[in-house]
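In: quick check, what structure comes out for this input:
(6 chains)
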6 protein chains.
Amino acid sequence: MEELVPGNSLICDSPQEGRELAITLARKSIKAVQPDSEVLKAGRLKYADDPGALIDAAHVVAIEFATIAAANHYWREPAWKRGYRPDTRG
Amino acid sequence: MEELVPGNSLICDSPQEGRELAITLARKSIKAVQPDSEVLKAGRLKYADDPGALIDAAHVVAIEFATIAAANHYWREPAWKRGYRPDTRG
Amino acid sequence: MEELVPGNSLICDSPQEGRELAITLARKSIKAVQPDSEVLKAGRLKYADDPGALIDAAHVVAIEFATIAAANHYWREPAWKRGYRPDTRG
Amino acid sequence: MEELVPGNSLICDSPQEGRELAITLARKSIKAVQPDSEVLKAGRLKYADDPGALIDAAHVVAIEFATIAAANHYWREPAWKRGYRPDTRG
Amino acid sequence: MEELVPGNSLICDSPQEGRELAITLARKSIKAVQPDSEVLKAGRLKYADDPGALIDAAHVVAIEFATIAAANHYWREPAWKRGYRPDTRG
Amino acid sequence: MEELVPGNSLICDSPQEGRELAITLARKSIKAVQPDSEVLKAGRLKYADDPGALIDAAHVVAIEFATIAAANHYWREPAWKRGYRPDTRG
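Out: Predicted coordinates:
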């Protein structure tokens, strides 16, 4: 299957990065279910100005973000991350 | 991508702030999916008096809030926060 | 923004209070998204006898309650709460 | 507000009781949103043979049950409960 | 109320059993809301070839499974279960 | 019931594998509810270019992934896994 998780890690530096990853994961799920970009582009025209669909999309982002935020201990404390990023461990 | 998390932190002082942040996160998700403000304004006319859409919007806020509340240990104890806000640590 | 969390706390004395708070949070979310009471009153006529909308509303209450119940350690043990209510600490 | 949680406790003896409580909580949420029994009875006729609505109802039960199961430590170990039911403590 | 949880336990031996239990719980919820098998059979004809309804059904299974997986510590370690099944304790 | 969880385990090596498993679990749920492949193929034609259905499908994947990510401790630390894979324990 194509790449579904950029960098193959849920660990990221900040809530902003976590939100961006959540949006990416949701988009890649849709791509995995419907790989045809032309179909997706046509579909975008349908939902992009449909408030209901936009709210549903935000709903999926909220669920993906909940997982990513938990994975990153909610970015509570910078110190925690050193233990999770092998490359950043002193 | 534009700013998705004001202050780039989930840590806030109270449930009220947490609710406000949840609403903001949900709105910014929609903006990230549909950046065109004119489209969003037109969409608002459609959903703003549609009970089903309003309930769906409240649903997304509830999920975002669940994440923010967990991040803030449900604001159970004022003392916990000192450990999470670098700037407030004595 | 207007008051979104009565008493600005998720800590309450019992599951019953927790359910009431969950319903209040859901309602205040909708009010925050659509502040116009007249629009909300008209909307109520539409959804109040629509089983699908009532089930969706119950769905939001269930999610808000999940957060509130976790915040209150599921009201498992009366003793736990003394530690969370500054005013009730001996 | 009327009684929303029978016995005002989430602690129950088994998953079966937990499922029953979940169904009761969902029903009482709907009653709290729409107190008029006649309206609810008429609504039942609409959704009781609508597969989509029945699935949505099962969805709410699943979320309420997730909260109740967590409250009861998933009924993993009979011993745990003695600590939560004041009346059952030796 | 009729049996809602086979064996009245969430503890099972593997993710496969957990998935089967999740599907059973979802089905029994629907049966508890609509006990009339004839109505359910007729309803099956409506949703069984409706992709939207099938996705909604899979959604409920996913939520039930999340609860069952947490109950079984995600079947991480065979050893954990000995402590939860009274009959399997040495 | 047919195989619902490949390898009968939620433990996998990376977020990418976790996403793939989440998509597989969701698909197998739908197959368990509607075993007739011809019906599913016909259904695919209906939902594969329907943005709303694609978003709903992504929603189910997000929930399945949340469970799988928790099962794998969010793949925070390679070391954790040795304790969960009997075959990889030294």
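
In: let me see the ranges of the strands in chain A.
Out: Counting by DSSP state E, chain A forms no strands at all.

In: what residues does it have near chain B?
Out: A:14-16, A:18-20, A:23, A:48-52, A:54-59, A:61-63, A:65-66, A:69-70, A:74-78 (C-beta under 8 Å from any C-beta of the partner chain). For glycine as for every other residue, the C-beta is placed from the backbone atoms N, C-alpha and C.

In: redo that, cut-off 6 Å
Out: A:14-16, A:19-20, A:23, A:48-49, A:51-52, A:54-55, A:57-59, A:61-62, A:66, A:69, A:74, A:76 (C-beta under 6 Å from any C-beta of the partner chain).

In: what residue in chain A comes nearest to chain D?
Out: A:I63 (12.6 Å; C-beta to the nearest C-beta).

In: that residue - nearest residue in space that isn't next to it in sequence?
Out: Nearest residue to A:I63 in three dimensions, chain neighbours excluded: F:A62, at 4.2 Å (C-beta to C-beta, 6 or more residues apart in numbering or on different chains).

In: I'd guessed the one you found sits against A:A62; true?
Out: No. Counting by C-beta atoms under 6 Å, F:A62 does not reach A:A62; the two are 8.9 Å apart.

In: what mean pLDDT does stretch A:46-56 have?
Out: On average, the pLDDT along stretch A:46-56 is 92.

In: pull the number of nearby residues for A:A57.
Out: A:A57 has 29 neighbouring residues, counting by other C-beta atoms under 10 Å in any protein chain shown.

In: list the buried residues in stretch A:1-16.
Out: A:4-5, A:9-12, A:15-16 (16 or more other C-beta atoms under 10 Å in any protein chain shown).

In: can the residues you listed go into CSV with extra columns for pLDDT and distance to D:P35?
Out: Below are the buried residues of stretch A:1-16 laid out as CSV (pLDDT from 0 to 100; distance: C-beta to C-beta, whole Å):
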residue, pLDDT, distance to D:P35
A:L4, 97, 47
A:V5, 97, 47
A:S9, 96, 50
A:L10, 97, 44
A:I11, 95, 48
A:C12, 94, 47
A:P15, 97, 40
A:Q16, 97, 44
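
In: filtering the residues you listed by proximity to chain F, which remain?
Out: Near chain F, by the rule C-beta under 6 Å from any C-beta, you find A:4-5, A:10 out of the buried residues of stretch A:1-16.

In: so which of these comes closest to E:I30?
Out: Using C-beta to C-beta, the shortest approach to E:I30 within those belongs to A:L4, at 31.9 Å.

In: tell me the spacing between that closest one and F:P51.
Out: Distance of A:L4 to F:P51, given as C-beta to C-beta, to the nearest Å: 19 Å.

In: what's in contact with the longest helix along chain A?
Out: As assigned by DSSP state H, the longest helix anywhere in chain A is helix A:51-71. Residues from elsewhere that reach helix A:51-71 (C-beta atoms under 6 Å, 6 or more residues apart in numbering or on different chains): A:10, A:18, A:21-23, A:25-26, A:47, B:26, B:29-30, B:33-34, B:43, B:46-47, B:53, B:56-57, B:60, B:63-64, B:67, F:51-52, F:55, F:58-59, F:62, F:66, F:69, F:74.

In: same thing with stretch A:11-28?
Out: Contacts of stretch A:11-28 (C-beta under 6 Å, 6+ apart): A:4, A:6, A:60-61, A:64-65, A:68-69, A:75, A:84-85, B:1, B:4-5, B:8, B:10, B:32, F:58.
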